[in-house]
Structure formats: structure tokens, C-alpha cells
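Undergrad: Here is my input, please return the structure:
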Amino acid sequence: MRYDLDFKLKVISYYRQGHTGVATAKKFNLHKKMVSKWIKQYQSGGIDAIKPKTGKANYNSEFKYQVIIAMLTQGLSQSETALKFNISSPALISHWHKAYRLHGMSGLTPKPKGRGAMTKPVITNKPDDEKSLAELKRENAYLRAENAYLKKLDALLKAEEQAGKKQGSSKR
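TA: As a prediction, this is how the structure comes out:
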């Protein structure tokens, strides 16, 4: 569940009045770890650190590398590192660290999302006797695929037509 800034500030204010983390969590019906996290974030970065994130953060590979190096050289836990660099989830640092261990810097670079665009086959307008063997093979493969697609489409249309006739005859 997401909490707005006003609510977080009320929780922190209640805690700073001298109440324990457990008492604060009980008063606001929260888990004590949530209260502890907000307190630490507030102490390390002020109001900006507890503001709800407006969108998904994008981190470049250099930033990810700096985070991992700081964690390893300073002996910080993932939670401490997340607090230090104002990263919302310590689990994110775990993913970066694993990717870095397995693939080095290339593991930290973002991968393209989704499928690549389909490319149209390069069919030249040259006469067949001027085409290379590779061009002829590529064109042949394309035409076979197109032919198979059209046969499949024709079979589906006929099956649909047959199903329509069967339904029409049973209504009499």
C-alpha cells in the first residue's frame, strides 16, 4: 500500500515526540519495519527521502556501478546502501549486484524491452538470372511462408463457413 507524504509526516512526528517504534506502529496500524524505514529515510534525507515516487526511476549503468562499489567497499548492507543513495527498494541493489557478478558492467546496462520489429525481406526487382543464390533462397523462403500463410487462412475461412452452415441448418 502507498502512503502519502502527510501520513508519513504524522507517523514521524508521533515517533519524534518520544514514542517507541512499536508504539508508533501500533497507533497507526503499521508494521514496525515500515516505521523504522521511514524514520531512517527521514533522518538521512529529510522530507525528500520520504516523498512518494511519482514514477519509475531509471538508473544508468554508471550509477548502478557506483552503488555496488560503495556497498562493497564501505561494507554496507543493501538497506543501508538504499538509504544512502535514496533508492526505494534494497532488492533492486541485490539484482544489480547479481547482474554485475555474473556479467560485469554489461550486466548493468538496460536491456531493450519487448520484441524487435519484424523486418521485411529484401526482395530485389532484379531479374531472376541476375540474383545471387542467397537472394534467390531468401525470396524462395519468403514465398513459401506467404503461401503457407494463405493456405492456412483459406482453410480457416472455409471451416468458419462450414460452421456457419451447420448452425443455420439446425435452426429450421
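Undergrad: secondary structure element for the nearest residue to Gln41 once chain neighbours are set aside?
TA: Leaving aside its chain neighbours, Gln41 sits nearest to Ala49 (4.2 Å; criterion: CB to CB, 6 or more residues apart in numbering). To be clear about C-beta, it is placed using only N, CA and C from the backbone, and glycine gets the same treatment. For Ala49, the element it lies in under DSSP states H and E is helix 47-50.
Undergrad: Can you work out which other helices and strands pack against the following helix or strand past that helix?
TA: Next along the chain after helix 47-50, taking DSSP H and E as the criterion, comes helix 61-74. For helix 61-74, the packing partners by 3 or more CB pairs under 8 Å, 6 or more residues apart in numbering; DSSP states H and E come out as helix 78-85, helix 90-103.
Undergrad: List the contacts of helix 61-74.
TA: Helix 61-74 is touched from outside by 59, 76-78, 80-81, 84-85, 87, 93, 96-97, 100, 105, 108-110, with contacts defined as CB atoms under 8 Å, 6 or more residues apart in numbering.
Undergrad: okay, Met1: pLDDT?
TA: As predicted, Met1 sits at a pLDDT of 67.
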